[in-house]
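>>> please work out how this folds:
(2 chains)
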Amino acid sequence: GQNIDQPTEMTATEGAIVQINCTYQTSGFNGLFWYQQHAGEAPTFLSYNVLDGLEEKGRFSSFLSRSKGYSYLLLKELQMKDSASYLCAVRDLKAAGNKLTFGGGTRVLVKP
Amino acid sequence: GAGVSQSPRYKVAKRGQDVALRCDPISGHVSLFWYQQALGQGPEFLTYFQNEAQLDKSGLPSDRFFAERPEGSVSTLKIQRTQQEDSAVYLCASSLARGARTGLYPYFGPGTRLTVT
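Below is the predicted model:
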C-alpha cells in the first residue's frame, strides 16, 4: 500500500514564499505529482518529479528525494489566486494503469 | 480544446435512490479513472479502465458501486441504493498513458457533487 502525508493547512502573505512538504511510502515508486485544486473545481496539474532534484516552472518549483520519500512544492511571489488546495500524489508502477494515490491535500490561504 | 466533462455537476438523491454519473474523457485517452473526494480530503481511487476493460476496481467501497465503459470512451459510475456516506464529489480523470514510465499525467474533470439526503 501507500501512505502519503502533507500538512492540512498553511497560511502565508501575498508576495511571500510557501513550502508544502509531502512524505510518502510506496512499494513501486514511479513518479510524484503536484496538483492545484480551487474550491469546487477540477484538480489541475502543476508538476512532475521522477528523478531526484528540483524542477522549476515559473513561480512554482518541486523537489524530490527518493531515498527520503520526500517532496516539496515551493510557491514563490504568492498571489491571492494561489489560495487553493495543493495535492501531492504518487504513481505506483505496480498498480494497473499506474494510478495516482493522493495525500489529503494542503489548503493554502494567501492573505493580503 | 475540450477537456474532461462530467454530468450532472450536482446531484441530490434521497437515501435509497439509484444514481448514474457520466464522464466524457478527452478524445483518444486510453486510461480512465474514477475517484471519490470527501469534503476537505484528497481524492480516493475507485476504479480504472484501459479502453473498455476494467482492470482495477479495488477502490469501489461496496457492491452498490458499479462502473462501465462499454465502448472505451464515455464511462458511467452507478451507485445503487444510495446512502448518506456516499455524499462526496466524484471525479473522473483520463490520460493517454497505458502505464508507461512517462510524465503523462491524468486530466481531471470538474466532478459531480453528490448529496444524499
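>>> so where's chain B uncertain?
Low-confidence regions of chain B, defined here as pLDDT under 70, cover residues B:1, B:97-103.
>>> and the residue nearest the centre of chain B, how far is that from chain A?
Within chain B, the residue whose C-alpha comes closest to the C-alpha centroid is residue B:34; the distance, by Cα atoms, centre = their mean, is 2.9 Å. Here residue B:34 is placed at a distance of 10 Å from chain A (Cβ to the nearest Cβ, to the nearest Å). (Each C-beta comes from the backbone N, C-alpha and C, glycine too.)
>>> so for that residue, what's the nearest residue that isn't a sequence neighbour?
Spatial nearest neighbour of residue B:34, excluding adjacent residues (Cβ to Cβ, 6 or more residues apart in numbering or on different chains): residue B:46 at 4.2 Å.
>>> for the one you found, helix, strand, or coil?
Per DSSP: H, G, I helix; E, B strand; the rest coil, the secondary structure class of residue B:46 is strand.
>>> now for the helix or strand harbouring residue A:24, which elements pack on it?
Take DSSP states H and E as the rule and residue A:24 turns out to sit in strand A:18-25. Packed against strand A:18-25 by the contact rule (3 or more Cβ pairs under 8 Å, 6 or more residues apart in numbering or on different chains; DSSP states H and E) you find strand A:3-5, strand A:9-13, strand A:29-37, strand A:70-75, strand A:84-92, strand A:106-111.
>>> which outside residues touch that strand?
Contact partners of strand A:18-25, identified using Cβ atoms under 8 Å, 6 or more residues apart in numbering or on different chains, comprise A:2-7, A:10, A:12, A:32, A:34, A:68-75, A:78, A:86, A:88, A:90, A:103, A:106, A:108.
>>> one step back: show me how far the host helix or strand of the residue nearest to the centre of chain B is from its chain's centre.
Counting by DSSP H and E, the element that carries residue B:34 is strand B:31-37. Between the centre of strand B:31-37 and the centre of its host chain there is 4 Å, according to Cα atoms, centre = their mean, to the nearest Å.
>>> contact residues of chain A facing chain B?
A:4, A:30-31, A:33, A:35, A:40-45, A:48, A:50, A:87, A:89, A:93, A:95-105, A:107 (Cβ under 8 Å from any Cβ of the partner chain).
>>> among these, which ones are buried?
With neighbours counted by 16 or more other Cβ atoms under 10 Å in any protein chain shown, the residues of chain A next to chain B contain buried members at A:4, A:30-31, A:33, A:35, A:42-43, A:48, A:50, A:87, A:89, A:95-105, A:107.
>>> can you give me the helices for chain B?
Counting by DSSP state H, chain B has no helices to list.
>>> strands of that one, residue ranges please.
Taking DSSP state E as the test, the strands found in chain B are B:5-7, B:10-13, B:19-24, B:31-37, B:44-50, B:53-56, B:65-68, B:75-79, B:88-95, B:107-108, B:112-116.
>>> and for residue A:54, the neighbour number?
Other residues lying near residue A:54 total 11 when counted by other Cβ atoms under 10 Å in any protein chain shown.
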